[in-house]
Structures are given as C-alpha cells and as structure tokens.
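Asks: Following is a predicted model, sequence given first.
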Amino acid sequence: MKNTTEFAQGRALDVICLGRLAVDLYAQQIGSTLEDATSFAKYLGGSSANIAFGTARLGLKSAMLSKVGDDHMGRFLTDTLSKEGCDVSHVGIDRDRLTALVMLGIKDKNTFPLIFYRENCADMAIEPSAVDAAFIASSKALLITGTHFSTAAMHAVSMQALKLARANNVRTVLDIDYRPVLWGLSGKADGETRFVSNDGVTR
C-alpha cells in the first residue's frame, strides 16, 4: 500500500518513535560464545530507540514515546537520548517493572547470539493515556515497531497512536522489527533466530 501522506510543515518534531527502549550489553570478547564471555559494554538499545537516537544525531527533531523502569538502567537510557538531543518528555517511569535488557555477542560474521530479558518489562507496559493527541499531532511522522503489536495491550496502544497520527496528517512508518522470540515462536533463549513464518504475525 502506497503511503500518500505528505510530511506536514511547521511541526515542532520531525519524528516520534514508539517502541522498544532497552539496554544492550555486548560481550567484549569478539569471537566468543556468550557462555565464555567475561565482560560486557553497555549501550542504548531497542530498534525504535536506536532510530530516535540516530535521527537526532543526524539533526532531526526526534522524540521517544516509551517507558523505562525506575532504575539505574532506565536513567542511563533517558540520559543517553537527552544528550543526543532527543525529546524524552514522553518516556514514562514505571515503578513496578524493570527496564528491558538484552545480552549480545559476536561469535563470527554469521553468528550473533543474544538473549532478550523482556518479560513484563517497562517498555511493553505503555498505557493508553501516554499516547497524547497533541503530542502526536506535533510531529511530522510517527514510527512504530512491530514488536509493539505482539501483545494485545501494546497492539491497542499502537493502533491508538496510528489513529491519532492519521487524523492529524502525521506520516506513519512501520519498522517491522520482527523478533520471533518476542512473539513466543522460538525458545526463550533463542533471540538469534530472525524469521519464523507465522500467519498471525503477518496479519
């Protein structure tokens, strides 16, 4: 389907990114399995957060719409985005859930072991009330990631945001961000598998 919505002029923001906001811990031993890794480096992660960060670095006025835990890692993420110039005014603080975490390795050019620690995490608990119509309307574009259609609650929030965007002439963008493990289609430790065919996910 061709998207015919033009990018609106005179908006405060260029893009709002709704979705995953997590900490990536990368093993520093390149060529090692995760079992043999002994040290990790900490980075901002989550596909939507990476897009928000990257577009801000490229000079666009970007914003993040998500949640983090009331914890050290959540503060690291919001500080990292803020320092790059990304608007984090709509990143909520969850008092009951932890910030999501991913552990990753680089074993060889074709093998990238990773484990998602995302069960009941903060960025999958965005409330409908966080999707503010005026905030959505202040942007030229809204980007949503596929992972935020993987649960009923986040599907509803994502559809609410899309409806508000389309009602306010905001261009909509889908980052497919398909991780079978986050849809329950592979083993919990199998974050490396990038595709499992599934009609429900396709719909």
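Replies: Received the coordinates, thanks. From a predicted model like this one, the values you see are computed outputs, not experimental measurements. Numbers count the residues shown, from 1 in each chain.
Asks: Any buried residues in the helix ranked longest in the chain, and which?
Replies: Longest helix of the chain, by residue count under DSSP state H: helix 152-167. Neighbour counts over helix 152-167 (16 or more other CB atoms under 10 Å) mark Met154, Val157, Ser158, Ala161, Leu162, Leu164, Ala165 as buried. Glycine gets a C-beta too; all of them are placed from N, C-alpha and C.
Asks: which residues does the closest residue to the last one other than its chain neighbours contact?
Replies: Think Ala165. In this structure, Ala165 finds its nearest non-sequential neighbour in Leu142, 4.2 Å apart by CB to CB, 6 or more residues apart in numbering. Counting by CB atoms under 8 Å, 6 or more residues apart in numbering, Leu142 touches Val15, Ile16, Leu18, Ile136, Ala161, Leu162, Ala165, Val170, Arg171, Thr172, Val173.
Asks: For this structure, which segments are assigned as helices?
Replies: Using DSSP H, helices in the chain cover 47-57, 72-83, 133-137, 152-167, 199-202.
Asks: so how far is stretch 160-169 from its chain's centroid?
Replies: With CA atoms, centre = their mean, to the nearest Å as the basis, stretch 160-169 stands 19 Å off its chain's centre.
Asks: Show residues contacting it.
Replies: 5-6, 8, 18, 65, 128, 131, 133, 136-137, 142, 144, 170-172.
Asks: pLDDT weak spots in the protein?
Replies: 1-3 (pLDDT under 70).
Asks: Skipping adjacent residues, who's closest to the residue of it most remote from its centre in space?
Replies: No residue in the chain sits farther from the centre than Asp36, which is 28.4 Å out by CA atoms, centre = their mean. Once flanking residues are discounted, Asp36 sits nearest to Gln29: 6.9 Å by CB to CB, 6+ apart.
Asks: re the thing from before, and the residue farthest from the centre of the chain, how close does it get to Pro113?
Replies: To Pro113, Asp36 is 11 Å away according to CB to CB, to the nearest Å.
Asks: and the residue nearest to Ser39 when sequence neighbours are not counted, how many neighbours does it have?
Replies: Once flanking residues are discounted, Ser39 sits nearest to Gln28: 4.8 Å by CB to CB, 6+ apart. Per other CB atoms under 10 Å, the neighbour tally for Gln28 reads 13.
Asks: Perfect, I'm done here.
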